[in-house]
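Return atomic coordinates for the entry below.
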Amino acid sequence: MIPSVKDVFEAMERVREVYRRTGSVGEALKARGILTLHEALRVIVEEKLKRMGYRIVGRDEAPEFIRRIGSPDVIAEKDGSWLLVEVKPLDQLVRYEEAGVRLILVTNVRKGKSIEIWGLEELEEAP
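Okay, here's the model as predicted:
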């Protein structure tokens, strides 16, 4: 059975509330219910950015230079500085992390230094 839009929004609010109250990604993910891991992490990222003083902006509210490049999962603004977030749960990297060695993610972006990678610990760190 496909969940209703109401059910999805209620699940998102539950994840949001647990993360706000506890600051625990693990607890928030346990509360995700019908949400995919991707959607639950997106909600947690939004809450983390709000704690850092960012304003979450819908795609339609974003400047043209952002709208024309696509639809990132989260668009945020703080003091005129824009931030784009793409949420990508990667089970393969989780498995590799268990080896306890240095792990490098290679992508086809021009400058890797312009990308920050947040894991579950970074989501739990206080701003």
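
C-alpha from now on. contacts and neighbour counts both.
Noted.

Helices of the chain, residue ranges please.
Along the chain, counting by DSSP state H, helices occupy 5-22, 25-30, 37-51, 64-67, 91-97, 120-124.

Other residues contacting the shortest one?
Helix 64-67 has contacts (C-alpha atoms under 8 Å, 6 or more residues apart in numbering) with 59-60.

List the buried residues of stretch 49-61.
Residues of stretch 49-61 classed as buried under the neighbour-count rule (16 or more other C-alpha atoms under 10 Å) are 49-50, 54-56, 59.

Columns distance to Leu83 and pLDDT on top of the residues you listed, output as CSV?
Output for the buried residues of stretch 49-61, formatted as CSV (distance: C-alpha to C-alpha, whole Å; pLDDT from 0 to 100):
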residue, distance to Leu83, pLDDT
Leu49, 10, 98
Lys50, 12, 97
Tyr54, 9, 98
Arg55, 10, 98
Ile56, 10, 98
Arg59, 12, 94
